[in-house]
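Participant: what follows is a predicted protein model with its sequence.
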Amino acid sequence: MLSLRPYLFILLISFCGCKKIQQLNPQLHPEWLAPIAKTSVTLETLSLLDSSQFTRKIPSLDLGFPTGITLNVPALYFSHFGPYPLPVSDWIKEIKVHTLDLTISLTNSFPITIGAGTIITIRNDADTLKNQNIISQHALPNDVLPGETFTFNVQLNDKSINDTVFFYLDNFNSPAQNNVTFTNSPSFITVGLNIIAVDLIKFYPDKTKSIHDTSDFSIDNKTNTQAVDDSTVEGKLVVYIDNAFPLNSVFQIYFLDDSKRNVIDSLFENGINLSAASTDINGSPLSAQHTVDSVLISVAHLQKIKLAKFAVTSLDLNTLNNQSQEVNANNETYLNIQVVGDLKMNFHL
Amino acid sequence: MNRNKILIASLIFFQFELNSECSNAQINFTQFQDQHAFSQASQFMPSLIGEGIRKYKITFFDFYGAAANSSFSLAELDKLSSTKTWSNNTVDSLLNNLKTENTIYAVVNFSFLNVSFNINKHKRKFLSFAIGTRERLDLNMLYSHNLISLLLKGNKQFAGETVSLSPLSINFLQCTDYYFGMKTLLSFKVGKKTLLKLKPALQFHYLTSMANVYSKKSNLALYTQQDGRELNLNYDYDLYIASPGNNMGTHGVFGDVTVKAITKNLFSGVGNGKSFDFGLGADVNDWIKINMAVTDVGAISFKNHAVNYSGNGEIKFDGFSTNYTETQNSFNSQADSMLSLLKPNFENAQYKAPLATKYFTNVSFNLLKKRKKNGMVYFRHTFNITYIKGFKNYLNATTTPLMVLGYNYSVGNILNFGISAAKGGTAQTSVGANLSLQFSHYQLWCNSNNLLPFIGKQNAKGIDGAVGMGMEF
């Protein structure tokens, strides 16, 4: 048997409580010590290549046929049609990959068929007499007709890749065809490289490389604006860095506006300079460089950062001032960065 | 936790804190010293069944409400509410009031009907009975000093430490109580001289509940590494909720409570159980009477409409990850993913919610025995000592012992009035009063354990009060 009376009593005292709370306007000054952001860079997570996808055009003139003229094409055969050099990185001399995902597409824009049995070969140099320089070979199981694309995926293990690789169409064959006209549209080969695991990288000396990572960033919404009075926020951000890469680095975080084009502010005035760690001939780190730096949070600084919509963590890597011919790094090398906040906030309830 | 959640939690917290300025002890112990209110007091002290009445008594109405907190007095809350800007000193002052473990509670006890009657043998009360029903509503919240300190001052103060944020729990029980009590009188004589009168009593309760929140377990601990490079939150909680509309938490805490669902469970409740009160009275002589009781021994079983929310794990946080393998990372999604670990596992469950078992002792010293023309015996002066202790901090019980001293003056058993002072319990200090009136067969009474909010805000951490009326024959 329920009675409303007990509940009315509770409602009554709750109402009294609500009236009291309206009178409160507490300003609090909590001091928080907490990690904010971290990043861990390894050979696998580092963007080693200039791109993950490369395209190489094959114009009809390479077959000896001009464009815009109607021709009778005889049966064709080339034992090695190529080479087509493909630069994959200008700062890496050689990568010894443990696992590599390879995706290759051949698009036939010619008016003639590329016959079955044609082999797509990737080599580390242009020498067709050697077998040791072959990275991958794949024969076309069927004819690739004009306008068709043939694609295949393969995972490779324990391969070396140089800074430039060379494509060939070995055993290139094509049946005779009459009254065909080659156009300005070339055929092309597209290669996708996805390095899964790396054993060793040999960097060139005196090279630089910038890596950026963009993240959503927002500390300015209506709720927080009401809650945090940033005019009295004070404190510092402490950055802990362990660098076991044989690369000098400059670490910085940039804050961007909505358009992602304009830099509103940066976290550090000049970025944090990290000295390269030394490695042995196998690329193993001999020592890690520990760096601790901090940046004071000013009111102006924070107000600018609050306007940002994106944050870009920037890492400028270089092998400058390295006396050796190559800089080796294996999969034991790393760069860990952690940002810790030591902040005192003025907080309205 | 986002700021809205903190605000809401704080509002609830402070609302209860401020509500609690209105009270004192979970049990209406002032009724122990006024024989006009013995029929109500017997609900907690079964050896008082049949006391203060000749043949029978019908109570039509008795309402008792209480609320209190263990930490802040009314004066302190007034000061906090009038301080527009909280300085560090204000926060420190607030935290200094908190104990390691703090309690907020509210109690409503509403009796619809109570009938007590005596069966006499050789003109002496031989058997006494009580039967009745009442509505009970108990709420308590436990929170720790460390948790409030963390919210108000941040975690830097705990650098290098693992701090327990427990307890953090809420318990709530609504139930309708149908009870039947019996007391008998055993006299121990040597020859014709009565050495001791013992009054063993037993009260049985059948309880039906429409809503319950039972925090079986609520452990929370935070580790802050000395340099702040890692936070580690350990949590282990086990919460049961029952209500007519409970549907796995998809419609709020109590589910989709509809009129239909309430009507369907109106009499049976969503849970039911049994409990016992054990009492023993001893009249050492006419002037010294001792009553003892252990009450609310039992539990309510919730078999339907009950959901168990539980979680157990550890969240380690060393910063939001920026990963160079992806061009876009969302800090928000990482935060959501981390906080999702705190979300409970929930499943339909059957459980037993224990009642808040308590122990009472009351010793009364009675002076100037009087007998009215109708045979009613009363004492002009009654001095009381009462001791109450709960077996755990749960619902209307607290493990902090409560000691009460009271005095009642009776004017011909027509007008009774008295005062009491208590130390201990949740509210720690209280001063109460009782007043009752009997004309013809009609009785009216009102009493309070704690009137400090009206007379001494400095120590007032709670308030309570009761009013009732009945007929005595």
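Facilitator: Yep, that arrived. Numbering: from 1, shown residues only, chains lettered A, B, ... in the order given.

Participant: quick one, what contacts A:D258?
Facilitator: A:D258 makes contacts with A:K309, as judged by C-beta atoms under 8 Å, 6 or more residues apart in numbering or on different chains. Backbone N, C-alpha and C define where each C-beta goes, glycine included.

Participant: can you give me the distance of the spatially closest residue to A:A311 that is not a sequence neighbour to A:L307?
Facilitator: Using C-beta to C-beta, 6 or more residues apart in numbering or on different chains and skipping the chain neighbours, the partner closest in space to A:A311 is A:F217 (3.9 Å). Separation of A:F217 from A:L307 (C-beta to C-beta, to the nearest Å): 10 Å.

Participant: any common contacting residues for the two?
Facilitator: Joint contacts of A:F217 and A:L307 (C-beta under 8 Å, 6+ apart) are A:F255.

Participant: so these two - more neighbours on which side?
Facilitator: A:F217 (19 against 14; other C-beta atoms under 10 Å in any protein chain shown).

Participant: what pLDDT does the more buried one get?
Facilitator: pLDDT, A:F217: 77.

Participant: repeat for B:K316
Facilitator: According to the model, B:K316 carries a pLDDT of 92.

Participant: B:N234 is in contact with that one, correct?
Facilitator: No: contact between B:K316 and B:N234 fails when scored by C-beta atoms under 8 Å: they sit 9.8 Å apart.

Participant: tell me the helices and strands packed up against the host helix or strand of B:S39.
Facilitator: Here B:S39 sits within helix B:38-41, counting by DSSP states H and E. Using 3 or more C-beta pairs under 8 Å, 6 or more residues apart in numbering or on different chains; DSSP states H and E as the contact test, the elements touching helix B:38-41 are strand B:56-69, strand B:101-121, strand B:462-472.

Participant: so is stretch B:440-450 next to chain A?
Facilitator: No: Stretch B:440-450 lies out of reach of chain A by C-beta under 8 Å from any C-beta of the partner chain, never closer than 14.3 Å.

Participant: show me the beta-bridge partners of A:I201.
Facilitator: A:I95, A:A329 (DSSP bridges).

Participant: how deep is it tucked in, by neighbour count?
Facilitator: Neighbour tally, A:I201, other C-beta under 10 Å: 26.

Participant: how close does it sit to A:V250?
Facilitator: Using C-beta to C-beta, A:I201 is found at 20 Å from A:V250.

Participant: ok, now A:L106?
Facilitator: A:L106 is 41 Å from A:V250, by C-beta to C-beta.

Participant: who's more crowded, these two?
Facilitator: More crowded of A:L106 and A:V250, by other C-beta under 10 Å: A:L106, with 22 against 17.

Participant: surely that one is in a helix?
Facilitator: No: per DSSP: H, G, I helix; E, B strand; the rest coil, A:L106 lies outside any helix segment and is strand.

Participant: what sits closest to it if chain neighbours are left out?
Facilitator: A:F150 (4.9 Å).

Participant: quick check: domain ranges of chain A?
Facilitator: Domain assignment for chain A by automatic domain parsing gives A:26-45+A:205-348, A:59-201.

Participant: returning to what we had before: hang on, the residue nearest to A:L106 is in a strand, isn't it?
Facilitator: Yes: under three-state DSSP, A:F150 sits within a strand.

Participant: can you list phi and psi of the residue in the stretch 101-250 of chain B positioned nearest to chain A for me?
Facilitator: Closest approach between the stretch 101-250 of chain B and chain A, counting by C-beta to the nearest C-beta: B:G154, at 3.3 Å. Dihedral pair for B:G154: phi 80, psi 180, per degrees, to the nearest 10.

Participant: more neighbours, B:K316 and B:N234?
Facilitator: B:N234 (17 against 11).

Participant: for that one, list the residues it contacts.
Facilitator: B:N219, B:L220, B:A221, B:L222, B:Y223, B:G313, B:E314.

Participant: if we use 10 Å, what do you get?
Facilitator: Counting by C-beta atoms under 10 Å, 6 or more residues apart in numbering or on different chains, B:N234 touches B:162, B:164-165, B:219-223, B:312-316.

Participant: swap in B:L367?
Facilitator: Contacts of B:L367 by C-beta under 10 Å, 6+ apart are B:D286, B:W287, B:F379, B:R380, B:H381, B:T382, B:F383.

Participant: could you dump those into CSV with secondary structure added?
Facilitator: Formatted as CSV, these follow (three-state DSSP):
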residue, secondary structure
B:D286, coil
B:W287, coil
B:F379, strand
B:R380, strand
B:H381, strand
B:T382, strand
B:F383, strand
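
Participant: can you tell me which of the residues you listed are buried?
Facilitator: Taking 16 or more other C-beta atoms under 10 Å in any protein chain shown as the criterion, what is buried in the contacts of B:L367 is B:W287, B:F379, B:R380, B:T382, B:F383.

Participant: what's the pLDDT at whichever residue of the stretch 301-450 of chain B sits closest to chain A?
Facilitator: Residue nearest to chain A within the stretch 301-450 of chain B: B:G319 (3.5 Å; C-beta to the nearest C-beta). Turning to B:G319, the model gives it a pLDDT of 88.

Participant: how about it, what does it touch?
Facilitator: B:G319 sits next to A:34-39, A:240, A:337-341, B:229-231, B:331, B:334 when contact means C-beta under 10 Å, 6+ apart.

Participant: B:T176 too?
Facilitator: A:1-3, B:110, B:112, B:133-136, B:206-210, B:266-267, B:269, B:272.

Participant: mind naming the longest strand for chain B?
Facilitator: Secondary structure of chain B read by DSSP state E shows that its longest strand is strand B:193-224.

Participant: which parts of that strand are buried?
Facilitator: Per 16+ other C-beta under 10 Å, strand B:193-224 contains these buried residues: B:197, B:199-203, B:205-216, B:218-224.

Participant: which of the residues you listed come close to chain A?
Facilitator: Near chain A, taking C-beta under 10 Å from any C-beta of the partner chain as the test, the members of the buried residues of strand B:193-224 found are B:T208, B:M210, B:A211, B:T224.

Participant: as JSON lines, those with pLDDT would be great.
Facilitator: Below are these laid out as JSON lines (pLDDT from 0 to 100):
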{"residue": "B:T208", "pLDDT": "94"}
{"residue": "B:M210", "pLDDT": "90"}
{"residue": "B:A211", "pLDDT": "91"}
{"residue": "B:T224", "pLDDT": "97"}
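
Participant: of those residues, just say which sits nearest to B:P453.
Facilitator: Set against B:P453, the nearest of these by C-beta to C-beta is B:A211 (28.8 Å).

Participant: circling back to that earlier point, mind listing the shared neighbours of B:K316 and B:N234?
Facilitator: With C-beta under 10 Å, 6+ apart, B:K316 and B:N234 have common neighbours B:Y223.

Participant: now the helices for chain A?
Facilitator: A:5-21, A:222-227, A:299-306 (DSSP state H).

Participant: please apply the same query to the stretch 201-350 of chain B.
Facilitator: Ranges of helices within the stretch 201-350 of chain B are B:259-264, B:331-339, based on DSSP state H, counting those that start in this stretch.

Participant: weakest of the ones you listed by average pLDDT?
Facilitator: Looking at those, the lowest mean pLDDT belongs to helix B:259-264 (a mean of 70).

Participant: re the thing from before, my guess is the residue nearest to A:A311 contacts A:I36. True?
Facilitator: No: the criterion here is C-beta atoms under 10 Å, and A:F217 misses it with A:I36 at 11.4 Å.
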